[in-house]
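[1] coords please:
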Amino acid sequence: LIEMGVRAVVAAGWVVDDDAANEFAKAFYTAMLDGATFGNALQNARRETWNRFRDSNNTWGAYQAYGDPDFRLNTDVTAGEKVDDRPYASAEEVLYDLVSIQMKSQDISNAETKEMEQMKASLLQELADLNKKCPAAWLAQGAVSSRFARAYGELGEFAIAIEYYQKALSADGEDSGANFSAAEQLANFQARLGEKQNDPDLIRTAIKHLKYLKDFGKTLERLALLGSAYKRLAQVEADREGMTAALKQSAAYYKEAAETGVQRGQLDSYHGLNWITLEALLGNTLPDAESWLARCEAVAVERYATSHNLWDAVASPDADIVRRLLRGDLKAEAVAFIVAGYREVFVTAQATPREQDSVVGQLNFIQTMLARLGGDKATVDTIEAILRGLAGEKEEKTSTTAVEVPRSKSKGEPEGKNGPKKRTQQKPKQ
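    Prediction:
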């Protein structure tokens, strides 16, 4: 029903008592018709049913709710009411608002402008207000703490995010809501904070935690997180020897993720592309590099048809960069073609500022590592020119021509099929 577009659904999870069900229905629909929100009407109906029938049956707890907790049957009844002043009816409403803030953060880029600073400050204030409004008992739930952590992390507040993940993992009870994902993301944010603060020891701590998790089970996510952490370590290592060692470790984990993905029928092109890119930066020759690049592109094109995911869309363009690195012909004459490819995808996919930052961030990484490794200066200058070419296009959202993304041999990025892009939660690639 939700997938069909129904705004709110309430249904009994088990057999109910007729009298109690009648009481619940009266209280629920009376509140809805009086202008209450779905969440508040549900809470009121449960309370009324509990008060009358708690000693005889458990019907008050049978009704499960799905959808928008702020949905109203008649929005005019309570016109002028300040929604932010209403108490939450359930922890699910808190999670809903946290996801909303998280999605809004996708419109914030890394550009240090007054507009971006104001947008970030506004969302941080929303999080602070939500924290004050949320009952302490709900804040102690692992699921709520994890969602706070995710929201703060999306805004680049990694230290605060880490604190919330630690709270989530310390939550008591069988149904604390915390899971392995919280532990993975705690380590991920430790690595990201270590990079931000130029603290290699913090990144090494994150790597140690991820290796512990990998000992529990070798998942593609944990392998990719280890690859990502070593990439961050390479960027903060002071000497070339330490940087090179970190790059080799990163390549090894991304390779393992790619090969494991193939074995499981779950190849993620991002893993393969990172592996081949790192090998190219290290100057290593891979006889089967072209085979892997072609496989990654094919997988991305196939998945993009249904996923419309950023990383599937950008696979072909990134593969083009890697091919040129391997051939040693990433030269000035290629800049216009490459920039046009990125622009095309940014426009077609209606890429958010955050998504564009992710693509540009990978190019920055390649340029920085290549320069520090003593790579060809002309190649380093070419990447710099590509970055300059993209800098003026990061906010472009419309196009006069229809294009298909991703293409098999050029640059691309996020997703977008026909019409406006649907904003969905995408797990950041590591």
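
[2] burial of residue 353, as a residue count?
    Neighbourhood size, residue 353 [other CB atoms under 10 Å]: 18. From N, CA and C alone the C-beta is placed, and that goes for glycine too.

[3] so what's it closest to, chain neighbours aside?
    With sequence-adjacent residues excluded and distances taken as CB to CB, 6 or more residues apart in numbering, residue 353 is closest to residue 109, at 3.3 Å.

[4] how close does residue 157 sit to residue 181?
    Separation of residue 157 from residue 181 (CB to CB, to the nearest Å): 19 Å.

[5] coming back round to it: does the residue nearest to residue 353 really touch residue 116, like I thought?
    Yes - look at residue 109 against residue 116 with CB atoms under 8 Å: they come within range, at 6.0 Å.

[6] neighbours around the closest residue to residue 216 other than its chain neighbours, how many?
    Excluding the flanking residues, the one nearest residue 216 by CB to CB, 6+ apart is residue 180, at 7.4 Å. By the measure other CB under 10 Å, the count of residues near residue 180 is 14.

[7] distance check, residue 180 against residue 113.
    Going from residue 180 to residue 113 by CB to CB gives 38 Å.

[8] all helices of the stretch 201-350 of the chain, in order?
    Secondary structure of the stretch 201-350 of the chain (DSSP state H, counting those that start in this stretch): helices located at 220-236, 240-263, 269-281, 289-307, 310-313, 315-327, 335-348.

[9] could you identify the helix or strand that succeeds the last one?
    Scanning forward in sequence from helix 335-348, with DSSP states H and E defining helices and strands, the next element found is helix 353-372.

[10] what's the first helix or strand after that next one?
    Taking DSSP H and E, what comes next after helix 353-372 is helix 377-391.

[11] between residue 157 and residue 181, which has more neighbouring residues?
    Neighbours per residue (other CB under 10 Å) separate residue 157 from residue 181, with residue 157 holding more: 19 against 14.

[12] residues contacting that one?
    residue 124 (CB atoms under 8 Å, 6 or more residues apart in numbering).

[13] which secondary element of this protein has the worst mean pLDDT?
    Using mean pLDDT, DSSP states H and E, the weakest-scoring helix or strand in the chain turns out to be helix 310-313, at a mean of 81.

[14] show me what that helix is packed against.
    Other helices and strands packing on helix 310-313, by 3 or more CB pairs under 8 Å, 6 or more residues apart in numbering; DSSP states H and E, are helix 269-281, helix 289-307.

[15] make TSV out of those helices and add mean neighbour count, mean pLDDT and distance to residue 152.
    Conversion of the helices and strands packed on helix 310-313 to TSV gives the following (neighbours: other CB atoms under 10 Å; pLDDT from 0 to 100; distance: least, CB to CB, whole Å):
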stretch	mean neighbour count	mean pLDDT	distance to residue 152
helix 269-281	26	97	24
helix 289-307	18	92	27
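
[16] of those, which approaches residue 390 most closely?
    helix 269-281 (17.7 Å; CB to CB).

[17] what's the nearest residue to residue 139 if we skip its chain neighbours?
    Leaving aside its chain neighbours, residue 139 sits nearest to residue 145 (6.8 Å; criterion: CB to CB, 6+ apart).

[18] gap between whichever strand or helix holds the one you found and the chain center?
    Using DSSP H and E, residue 145 maps to helix 142-154. Per CA atoms, centre = their mean, to the nearest Å, the displacement of helix 142-154 from the mean C-alpha position of its chain is 12 Å.

[19] by how many degrees do the helix or strand following that helix and helix 142-154 diverge?
    As assigned by DSSP H and E, the chain's next helix or strand after helix 142-154 is helix 158-169. Angle, helix 158-169 to helix 142-154, by axes from the mean of the first three to the mean of the last three CA atoms, to 10 degrees: 170 degrees.

[20] name the residues that touch the helix or strand just after helix 158-169?
    Downstream of helix 158-169, the first helix or strand assigned by DSSP H and E is helix 180-196. Residues outside helix 180-196 that contact it (CB under 8 Å, 6+ apart) are 142, 146, 149-150, 153, 156, 158-159, 161-162, 165-166, 168-169, 199-203, 205-207, 209-210, 213, 216, 221-222, 225, 228-229, 232-233, 235-236, 430.

[21] just the buried residues of helix 180-196, please?
    182-195 (16 or more other CB atoms under 10 Å).

[22] go on, stretch 121-129?
    Using 16+ other CB under 10 Å as the test for burial, stretch 121-129 gives 123-124, 126-127.

[23] show the average pLDDT along that stretch.
    Average pLDDT, stretch 121-129: 93.

[24] and for stretch 74-81?
    Mean predicted confidence for stretch 74-81 is 51.

[25] ok, the residue lying closest to residue 211 once chain neighbours are set aside to residue 292 distance?
    Nearest residue to residue 211, sequence neighbours excluded (CB to CB, 6+ apart): residue 226, at 7.1 Å. Distance, residue 226 to residue 292, using CB to CB: 19 Å.

[26] give me the low-pLDDT residue ranges for the protein?
    Within the chain, the ranges that satisfy pLDDT under 70 run 3-5, 75-86, 174-178, 392-430.

[27] A strand includes residue 11, no?
    Yes - according to DSSP: H, G, I helix; E, B strand; the rest coil, residue 11 belongs to a strand.

[28] give me the three-state assignment for the spatially closest residue to it that is not a sequence neighbour.
    Spatial nearest neighbour of residue 11, excluding adjacent residues (CB to CB, 6+ apart): residue 64 at 5.9 Å. Under three-state DSSP, residue 64 falls in the strand class.

[29] and residue 64, what does it touch?
    10-13.

[30] residue 349 contacts residue 309, doesn't it?
    No - applying CB under 8 Å as the test, residue 349 and residue 309 come out as separate, 9.9 Å apart.

[31] the more surrounded of those two?
    Set residue 349 next to residue 309 and count neighbours by other CB under 10 Å: residue 349 wins out with 26 against 20.

[32] now stretch 108-117: how far from the chain's centre is it?
    Distance of stretch 108-117 from its chain centroid, counting by CA atoms, centre = their mean, is 19 Å.

[33] and that stretch, which residues are buried?
    108-109.

[34] what sits up against that stretch?
    119-120, 123, 155, 353-354, 356-357, 361, 394.

[35] repeat the analysis, applying 10 Å as the threshold.
    Contact with stretch 108-117 is made by 107, 118-120, 122-123, 154-156, 352-358, 360-361, 391, 394-395, as judged by CB atoms under 10 Å, 6 or more residues apart in numbering.

[36] that older thread, out of the helices of the stretch 201-350 of the chain, which gets nearest to residue 376?
    Residue 376 lies closest to helix 315-327 among the helices of the stretch 201-350 of the chain, at 9.6 Å (CB to CB).
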